[in-house]
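J.: sequence plus the predicted model coming up.
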Amino acid sequence: MPQTVAPGRPDNEIDAETFARLQRIVERETGIALAEGKRPMLQARLATRLRSLGMAGFQEFLTRVEGPDAATERASLISAITTNVTSFFREAHHFTLLQDRILPPLLDQPRNGARLRLWSSACSSGEEAYSIAAILLAAVPDANRRDARILATDIDEQVLNRAITGDYGPQQMAGLSPVQRGLLFGPTGSTQIRSELRQLVGFRQLNLNGDWPMRGPFDVIFCRNVAIYFPRERQERLWQRFADLLAPGGWLLLGHSERLSGPATAAFRCEDITAYRKIG
């Protein structure tokens, strides 16, 4: 039975058994291996949710998450454990590479009526996807009238809802150069992403460790700073799935702490810093 405490003030510790059960749910639902050292982080992030529900403690939350009507609370749990650290043009060398080397050979595809597809596979609140769109639109100003599109996916529906609005505050816009700000927001000082960019991006909820409805092929896949949270075997399976969806010569861009491993390495050659190209 849950401990009795003052209403709206959940006990501030997750006991070992409750944490272990939450760990299993998290790994099953997301593929993320939640280490013991993450227990304080999870406590802090879930406390707000517990207070809003008037729950007495984390055991009561676990009962809800394991119950038959668990979808909403599992979404809260996933949002609590995902790390949504992102920014526009983050790891800038990838966007320089996209602009100078990756896109130029591909631009004849949309110009000649063929498709061009890019995937931001862990897009968080949208900054990465809109940065990709800004580079693409600068290269092909009429991209919206061509068969050129960017798929942007994330497991966390809460951050996806923010991404879809395309509205950002001073904190997200800090550090942008005048040129970058113009590419993203236009010349008027707006906080809203340019409509031409929003039209290029389609946002969808997707679990990278679940089923994928799309069949590809993709010309470029960004998967940065998410696989580091997966066990090695899940990482290697993910790399292989990306290889299967990439067009010959397609590019896979990883985060600065990530490297290809396992059988998929035979399908790629390293072309730049955490930038891999499919052989063939």
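T.: Right, received. Where do you want to start?

J.: what are the boundaries of the helices in the protein?
T.: Using DSSP state H, the helices of the chain run over 16-30, 39-53, 58-66, 71-81, 92-97, 108-111, 127-139, 157-165, 170-173, 178-185, 195-200, 232-245.

J.: and the ones you listed: which comes nearest P213?
T.: helix 232-245 (11.7 Å; CB to CB). Any C-beta I mention is one placed from the backbone N, CA and C, and that applies to glycine too.

J.: could you dump that closest one to CSV, C-alpha only?
T.: What follows is helix 232-245, C-alpha atoms only, in CSV (Å, rounded to 0.1, in the frame of the first residue of the first chain):
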residue,chain,number,x,y,z
ARG,A,232,25.5,-1.9,-27.4
GLU,A,233,23.4,-4.6,-29.0
ARG,A,234,20.5,-2.2,-29.5
GLN,A,235,22.9,0.4,-31.0
GLU,A,236,24.3,-2.2,-33.5
ARG,A,237,20.8,-3.2,-34.5
LEU,A,238,19.9,0.5,-35.0
TRP,A,239,22.9,1.1,-37.3
GLN,A,240,21.9,-1.9,-39.4
ARG,A,241,18.3,-0.7,-39.7
PHE,A,242,19.6,2.7,-40.9
ALA,A,243,21.9,1.0,-43.4
ASP,A,244,18.9,-0.9,-44.8
LEU,A,245,16.9,2.4,-45.2
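
J.: run through who's touching it.
T.: The contact list for helix 232-245, computed with CB atoms under 8 Å, 6 or more residues apart in numbering, reads 31, 119, 121, 208-209, 212, 214-218, 221, 223, 227, 230, 252, 258, 260-265, 267-268, 278.

J.: how about a cut-off of 6 Å?
T.: G31, G216, F218, I221, A227, L252, L260, S261, G262, A264, A267 (CB atoms under 6 Å, 6 or more residues apart in numbering).

J.: also stretch 271-280?
T.: Against stretch 271-280 from outside (CB under 6 Å, 6+ apart): 93, 97, 246, 248, 250-254, 260, 267-270.

J.: cool, thanks, signing off.
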